[in-house]
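Enquirer: Pasted the sequence and its predicted model underneath.
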Amino acid sequence: MGKLDGKVAIITGAAVGLGEGIAEAYVKYGAKICMIDLSKDVEQTAQKLRDQYHGDIITYVGNVADKNQMKEAVQKTVDTFGEVNIACCNAGVCRLAPFEQMSDEMRDFHIDVNIKGVWNTCQAVIPYMLKQGKGSIVIASSVTGDIVADAGEAAYAMTKAALVGLTKCLAVEYASRHIRVNCSQLGYARTPMVEKMAVESNPDDPESAIADIAKGVPMGRLAKPIEVGELFAFLGSDESSYITGSQFVIDGGSTLPETMSMGTNE
């Protein structure tokens, strides 16, 4: 039996990248899932996972920034599978710009997706979890904002740091009602979003930007989306039944202090 057998999960931002990795892990461990994304490509990704794992998967094309659409997505999930046990709040955006040049539109874009999107997802799913008597929410935050910061990422850092506060508050508010809330704090993974950031950082040679990131990671590489999916699967499962309000750094050691400046490593 898989650790997620009998569980029903919604996964936002599920068409590509981290969301695809999370969806793969959930289906692999036996969950029934609703894959949500703004892109219609989410159905193609879902079919690939159906073919590979023969899982029960539905899709919903919608915008996490639209509360009504998130309510519809959750209702579709419940109508199809009878319940919803886990919410993986993964959808997110990152655009780079010097702070003094960052437009209000770019700032609000980050707020709408990264903060309001998670807020809307949680508000849509928690009423069902309360009726069922339990649930688990896993929020994708980041090491950026709460632990480290990079120039040009003010909007991203601000919004991802906010999710740590939301995680802790919801964890306290719903612990007595058996809803657990935790967040992941990823460093860098090889995803379309990171590849886009690399182009923005170094348009002439984006691969060198990605290589430079890997050089700063003690493990010498970026994460694979499925590795992030494994963490989300653990946090959604009953294996983590006594964990709530926690932050899980998954960064290959990149935020460890003084990892590169001195020591015995050559």
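Expert: Right, received. Where do you want to start?

Enquirer: all contacts plus neighbour counts: C-alpha atoms, from now on.
Expert: Noted.

Enquirer: Do a quick rundown of the helices in the stretch 101-250 of the chain.
Expert: 104-110, 117-132, 143-146, 154-174, 192-201, 206-215, 225-236 (DSSP state H, counting those that start in this stretch).

Enquirer: Distance to Leu186 and mean neighbour count for those helices - can I get that in JSON lines?
Expert: Compiled in JSON lines, those are given as follows (distance: least, C-alpha to C-alpha, whole Å; neighbours: other C-alpha atoms under 10 Å):
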{"stretch": "helix 104-110", "distance to Leu186": "17", "mean neighbour count": "15"}
{"stretch": "helix 117-132", "distance to Leu186": "16", "mean neighbour count": "19"}
{"stretch": "helix 143-146", "distance to Leu186": "6", "mean neighbour count": "21"}
{"stretch": "helix 154-174", "distance to Leu186": "11", "mean neighbour count": "20"}
{"stretch": "helix 192-201", "distance to Leu186": "12", "mean neighbour count": "17"}
{"stretch": "helix 206-215", "distance to Leu186": "13", "mean neighbour count": "17"}
{"stretch": "helix 225-236", "distance to Leu186": "8", "mean neighbour count": "22"}
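
Enquirer: Asn90 is nearest to which of those?
Expert: Closest approach to Asn90 among the helices of the stretch 101-250 of the chain (C-alpha to C-alpha): helix 117-132, 8.0 Å.

Enquirer: Show me the contact partners of that closest one.
Expert: Here helix 117-132 makes contact (C-alpha atoms under 8 Å, 6 or more residues apart in numbering) with 63-67, 70-71, 74, 83-85, 87, 89, 91, 135, 137, 139, 177, 179.
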